[in-house]
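K.L.:
Here is my input, please return the structure:
(chains A and B)
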Amino acid sequence: MISLVVGGSASGKSEFAETRALERFEKLKSSVSSIRGGVRQYAFDGELVYLATMINTDAETGERIDRHVKRREGMGFKTLEVPYDLGKITQEHLKSNSVVLLECLSNLLANEMFSRPGEGAGDYDTIAEKVFADIRALKSRCHDLIIVTNNVFEDGLEYDGETALYIKYLGELNRNLGKLCDELYEVVVGIPLKIKETASRRAETEGVSGMGRIKWV
Amino acid sequence: MRLVIGGASQGKLDYVLRRYGLEEKNVMDGNTGDMVDIDHKVFYAFEAWFKRQLKAGGRPEDAADVLLSSLPELIVICDEVGSGIVPVEPFEREFRERLGRYLIKLAEQSQSVERVFCGIGQKIK
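P.N.:
As a prediction, this is how the structure comes out:
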């Protein structure tokens, strides 16, 4: 399942996404053990993985990272630092029974566009497609993927050059993921607003008994 | 307390006055005002007030705590300021971050949270 979590800065989107990832992980764990008749002998090998994309460049970024690390402490996340090229994550790094939280797409795209070593400003035409393909590759290697992304579209300001392109491509990615995802939440002042939920996701929320009520399934 | 949020120029003040049957005299304008008096039922432009406090070197969170705790019936109207490109100016970044964090707390404490979009209010809490 893919969950997309969108919000502005300091909207509480990270906290919500972390909670969501934990819920998914608990659910996955219990479903795997129930397959075995609830017998705990079966060793569940899945992991709760945090994909950190931020590159530590200055004190302010360092503080931000520290705050996020602190919140994840004790939550059971294994952290993988992947500033770009998500598609290169292989089975060695990631078990197929994993729940992955990607934090966050807006950083990832900025890194892909502006922070790759040895590559200057260039041709960005295919960047959104490349990142989208990376995300699909990542999804094929884990069980659940929770993606945090940013709302950078509503400050009413006009931007030139690379920033305008960045906004355009983040918008494209958000839209494509909006289509692909099973659920989409927007977080506003800490309150999650449900924007999309697929029928299969809804059935899962309601449990097996709820499935009969959904006529279009 | 009630919180009303939304982007700039979305009709938040009109919405509040209409919905709660209030008048101009009930509005404290955070662009210029600091004092809340007995007639005031609405704290408008909370973001502007917050920014002024921050610019003056104060701790707007503490000042707001004091002000708002004495007025449990107040309706706070605030612009959404976090949904844009990260500002180049460090002060603007800090303002976004601090106001955003404070709004999460305010939303938790509020009996209702409404979001105004294109003049239409949506109760989100």
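
K.L.:
longest single helix anywhere in the chain?
P.N.:
By default, I'm working from chain A. helix A:13-35 (DSSP state H).

K.L.:
hmm, I had chain B in mind actually
P.N.:
helix B:90-109.

K.L.:
on contacts alone, who are the packing partners of it?
P.N.:
strand B:2-6, helix B:46-55, helix B:60-69, strand B:75-79 (3 or more CB pairs under 8 Å, 6 or more residues apart in numbering or on different chains; DSSP states H and E). From N, CA and C alone the C-beta is placed, and that goes for glycine too.

K.L.:
what's the spacing between the residue lying closest to A:Lys13 once chain neighbours are set aside and A:Leu94?
P.N.:
Spatially, and ignoring its direct neighbours in sequence, A:Lys13 is nearest to A:Gly7 (3.2 Å; CB to CB, 6 or more residues apart in numbering or on different chains). To A:Leu94, A:Gly7 is 26 Å away according to CB to CB, to the nearest Å.

K.L.:
Also B:Asp62?
P.N.:
Separation of B:Asp62 from A:Leu94 (CB to CB) stands at 45 Å.

K.L.:
For the two, work out which one has more neighbours and name it.
P.N.:
Neighbour totals were compared for B:Asp62 and A:Leu94, and A:Leu94 leads with 18 against 10 (other CB atoms under 10 Å in any protein chain shown).

K.L.:
how about the closest residue to A:Ala52 other than its chain neighbours, phi and psi?
P.N.:
Excluding the flanking residues, the one nearest A:Ala52 by CB to CB, 6+ apart is A:Glu81, at 4.9 Å. Backbone dihedrals for A:Glu81, given as degrees, to the nearest 10, come out at phi -90, psi 110.

K.L.:
got any ranges where chain A has weak pLDDT?
P.N.:
Low-confidence regions of chain A, defined by pLDDT under 70, span residues A:33-42, A:119-122, A:205-217.

K.L.:
Which residue ranges of chain A form helices?
P.N.:
A:13-35, A:59-72, A:105-114, A:127-140, A:161-180, A:199-206, A:208-211.

K.L.:
Pick the most deeply packed of the ones you listed.
P.N.:
Highest mean neighbour count of those: helix A:105-114, a mean of 21 (counted as mean count of other CB atoms under 10 Å in any protein chain shown).

K.L.:
relative orientation of that one and helix A:161-180 in degrees?
P.N.:
If you take axes from the mean of the first three to the mean of the last three CA atoms, to 10 degrees, helix A:105-114 sits at 130 degrees to helix A:161-180.

K.L.:
With only the CA atoms kept, save helix A:105-114 in CSV.
P.N.:
What follows is helix A:105-114, C-alpha atoms only, in CSV (Å, rounded to 0.1, in the frame of the first residue of the first chain):
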residue,chain,number,x,y,z
LEU,A,105,9.8,13.8,-1.6
SER,A,106,10.4,17.6,-1.7
ASN,A,107,13.9,17.2,-0.4
LEU,A,108,14.6,14.2,-2.6
LEU,A,109,13.6,16.1,-5.7
ALA,A,110,15.7,19.1,-4.7
ASN,A,111,18.7,16.8,-4.2
GLU,A,112,18.1,15.1,-7.5
MET,A,113,18.0,18.5,-9.2
PHE,A,114,20.6,20.5,-7.4
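
K.L.:
and it, anywhere near chain B?
P.N.:
No - remark: helix A:105-114 sits outside contact range of chain B, by CB under 8 Å from any CB of the partner chain, the gap being at least 8.9 Å.

K.L.:
How about stretch B:67-86 and chain A, touching?
P.N.:
Yes - using CB under 8 Å from any CB, stretch B:67-86 comes into contact with chain A via B:Glu80, B:Val81, B:Gly82, B:Ser83, B:Gly84, B:Ile85, B:Val86.

K.L.:
With neighbour count and pLDDT added, can I get those in TSV?
P.N.:
Compiled in TSV, the residues of stretch B:67-86 next to chain A are given as follows (neighbours: other CB atoms under 10 Å in any protein chain shown; pLDDT from 0 to 100):
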residue	neighbour count	pLDDT
B:Glu80	26	93
B:Val81	25	93
B:Gly82	24	93
B:Ser83	21	93
B:Gly84	21	93
B:Ile85	18	93
B:Val86	14	92
